[in-house]
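**Student:** Sequence and predicted structure are below.
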Amino acid sequence: MPKVNQTKLGDELDELYSENNFSPFAFTSDRVRVLELLASHVAISLENASLHSDLQCSETLLAEGQRLTHTGSFGWSVASGDIYWSAETYNIFENDRAAKPSLEMILRRIHPDDREFVQQTIEWASEARADFDFEHRLLMPDGSVKHLHVSARVLATSSGNLEFVGAVTDVTAAKQAEEKSRQDAYELRCITDSIPQAIVVYDPGGQAIYVNRVGLEYTGLSIEEMRAESFRDRVVHPEDIERLRDLRQNALLRGGPFEYELRALGKDGKYRWYLSQYNPLKDEQGRIIRWYATATDIEDRKVDQQRLQNENVALREEIDRFSMFEEIVGSCEPMRQVLKQVAKVAPSNSTVLILGETGTGKELIARALHRRSNRAARAFVRVNCAAIPQSLIASELFGHEKGAFTGALQRRVGRFESADGGTLFLDEIGDLPMETQIALLRVLQEREFERVGNNRPISIDVRLIAATNRDLPAAVAAGTFRQDLFYRLNVVPIVVPPLRERAADIPLLVEYLVGRYAKSAGKTIRHINKQTLGQLTAYDWPGNIRELQNVVERAVILSETDTFFVDPSWLKPESVESRKSREGLLALADREVEMIKAALAECRGRISGPAGAAAKLGMPRQTLESKIRRFGISK
């Protein structure tokens, strides 16, 4: 019962005492009533004592709760300015309890950067008669700073005065933990941004929620754009999208780590190969809550793999194709001059044009140039331009995309791409069609090309060696070979002499070929017939070394003894017409040599310029220099 009921009982007892002359036992009925009132009075007194004890207990519990939660209470009368603090509020402010708190004292203790904000908030709440809730920093006597959270509810007294009742909580520990968490997150972001890999965090459904700096800078997209459904269609190479869509979806459903390779589009408009690796983060129930993915740039590795594959393909083709010679055999003066040129030119990256009749071993010279160059460890790729149909020569050289033309069922790497980093040998280059000559000229000028069916340029690093048995200056004059391409190819010309000019080398060549073919046929040849050797040396060899090779191989196969012998009928003399034609050409060459010598003598060795031998003979300077080198004319 409330305490007021006890007072009423006392008043009623006083009234009964007064009516019975202060004798509570005058009448039985009154006595009974008095006894009832006294019993109630005692009971109420005992109850009030219990309530007082409960109140003290509640106050103790409240004080302990405030201490544990670092939350103090306060009251503020706006009209009088009186402020009441609980014990914990004094502890939070570290104020002497003897000092009465005031608004001015509190404002002085607030951090200067927060003071104006707190004052404006309190003034606004007072004028608007509204609750307030804010945080601020508190300066402590020792110079440290506390973070406080203050909230209050507005009350209006019966007299209309405004009062605020609220709580103040020390949230310093929470603020420090929050700041540490923010600092840890910042440091983690710095770490992930410094890693040279693209890092992406996905939600369980596979949508990006975080991308590090490397990933954003490579794609040039914002995090919002990378969260869009069309993100992968924009970034992943079209040829990889279909392959990866099902693979990725199935892997996400399985919930285990997985990886795949793809080509991703950079902000520069070029694709690069990446290895994407996914790892799941699961909760205690085993449910996936995050996917962490890294993308490692493997472009260089893929290029090396492709290059190695191309080189292996080229090597297999070379192994399958029968090579004419393994080594250069010859010691005559014309060959020594050729080998000197090879030794000088090989270490450079200059384009070389090898000239000579059919069967003289031009490819062997090209291989020697490659083996002595700094590209010897890379591929040597050979293309016979005369053996490929004109409609397919561009595809053979530059490759093609799938569907580029009828029959192009898949993408094919061209010979230029296969030879990247190595040497490309274009044999019989004089048979190239005009449109391919234009494309080849661009490769020589810009060091890049495009596959058939694709307009994306591909950069290459290839040394070009060309060879022909044709008279390219005559082809230029006839309009069947581009003059600008000829000048691009004719940087360093090397003329391989025909076998008839290398008669001194024939015994060496015969000995080498006999040993080679005898081993291949499983025969033993110990001697070479002197008469046969004399016949071979005297023969003109219109087919050059290739013809010699065929004759020796035939003789070894048909040989029944250990002595090498050639049937004289195999060495047919040249026909009159053929001899006359060849003699006419030789005479023409001799006449041309004489004209060049005369012009050089008249111009005192000067080649270029209006008064030079080239102008006098009516031919380009480069053509004249080529002929001077070819014929061995002294300036």
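**Tutor:** Yep, it's here. Everything numeric here is computed off the predicted structure, so don't read it as measured data.

**Student:** all helices of the stretch 51-200 of the chain, in order?
**Tutor:** With DSSP state H, counting those that start in this stretch as the criterion, the stretch 51-200 of the chain has helices at 87-93, 103-109, 112-128, 172-194.

**Student:** Export the longest one to CSV, keeping only CA atoms.
**Tutor:** By that I understand helix 172-194. Provided in CSV are the C-alpha atoms of helix 172-194 (Å, rounded to 0.1, in the frame of the first residue of the first chain):
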residue,chain,number,x,y,z
THR,A,172,35.8,5.5,-25.8
ALA,A,173,36.6,1.8,-25.9
ALA,A,174,34.1,1.3,-28.7
LYS,A,175,35.4,4.3,-30.6
GLN,A,176,39.0,3.0,-30.3
ALA,A,177,37.9,-0.5,-31.4
GLU,A,178,36.1,1.1,-34.4
GLU,A,179,39.1,3.2,-35.2
LYS,A,180,41.4,0.2,-35.0
SER,A,181,39.0,-1.7,-37.2
ARG,A,182,38.9,1.2,-39.7
GLN,A,183,42.8,1.3,-39.6
ASP,A,184,43.0,-2.4,-40.0
ALA,A,185,40.6,-2.2,-43.0
TYR,A,186,42.7,0.6,-44.5
GLU,A,187,45.9,-1.3,-44.0
LEU,A,188,44.3,-4.4,-45.5
ARG,A,189,43.2,-2.3,-48.5
CYS,A,190,46.7,-0.9,-48.9
ILE,A,191,48.1,-4.5,-48.8
THR,A,192,45.6,-5.8,-51.4
ASP,A,193,46.2,-2.7,-53.6
SER,A,194,50.0,-3.3,-53.5
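
**Student:** In it, which residues are buried?
**Tutor:** For helix 172-194, the neighbour count (16 or more other CB atoms under 10 Å) marks T172, K175, T192 as buried. Placement of C-beta: from N, CA and C, glycine included.

**Student:** A128: which of those is nearest?
**Tutor:** Of all the buried residues of helix 172-194, K175 has the smallest distance to A128: 28.0 Å, by CB to CB.

**Student:** Pull the contacting residues for that closest one.
**Tutor:** When the contact criterion is CB atoms under 8 Å, 6 or more residues apart in numbering, the partners of K175 are H147.

**Student:** Looking at the buried residues of helix 172-194, which one is closest to I628?
**Tutor:** T192 (66.9 Å).

**Student:** List the buried residues in stretch 483-503.
**Tutor:** Buried-residue list, stretch 483-503, by 16+ other CB under 10 Å: 483, 485-486, 488-490, 492-499, 501-502.

**Student:** Pick the one among these closest to F93.
**Tutor:** Set against F93, the nearest of those by CB to CB is R488 (89.2 Å).

**Student:** ok, which stretches of the stretch 501-635 of the chain are helices?
**Tutor:** 506-521, 530-538, 544-558, 576-602, 613-617, 621-631.

**Student:** who touches the spatially most central residue of the chain in this structure?
**Tutor:** Nearest residue to the geometric centre of the chain (CA atoms, centre = their mean): D297, 3.6 Å. By CB under 8 Å, 6+ apart, the contact list for D297 reads P196, Q197, R272, W273, Y274.

**Student:** The closest residue to the last one other than its chain neighbours: neighbouring residues, count only.
**Tutor:** Computed as CB to CB, 6 or more residues apart in numbering, the closest residue to Y274 that is not its neighbour in sequence is A295, at 4.4 Å. Here the neighbour count serves as a burial measure; for A295 (other CB atoms under 10 Å) it reads 20.

**Student:** Let me see the contact set for A295.
**Tutor:** Contacts for A295 (CB under 8 Å, 6+ apart) come out as Q197, A198, I199, V200, G215, A264, Y274, L275, S276, Q277.

**Student:** Kindly recompute the last result at 10 Å.
**Tutor:** Going by CB atoms under 10 Å, 6 or more residues apart in numbering, A295 touches 197-200, 211, 214-215, 218, 262, 264, 272, 274-277.

**Student:** Distance check, Q277 against G255.
**Tutor:** As for Q277, its distance to G255 is 15 Å (criterion: CB to CB, to the nearest Å).

**Student:** L392 now?
**Tutor:** Noted for L392: a distance of 50 Å to G255, by CB to CB.

**Student:** Low-confidence ranges, the stretch 351-500 of the chain, go.
**Tutor:** Residue ranges of the stretch 351-500 of the chain with pLDDT under 70: none are present.

**Student:** Which parts of it are helices?
**Tutor:** 362-371, 393-398, 415-418, 434-446, 472-478, 483-489.

**Student:** Only the buried residues of the fourth one, if you could.
**Tutor:** So the one you mean is helix 434-446. So, applying 16+ other CB under 10 Å, buried residues of helix 434-446: T436, Q437, A439, L440, L441, V443.

**Student:** Mind listing the residues bridging to Y260?
**Tutor:** S276 (DSSP bridges).

**Student:** count of neighbours near the residue nearest to S77 when sequence neighbours are not counted?
**Tutor:** Counting by CB to CB, 6+ apart, S77 lies nearest to E163, which is 5.1 Å off, once chain neighbours are set aside. By other CB under 10 Å, the residues close to E163 number 17.
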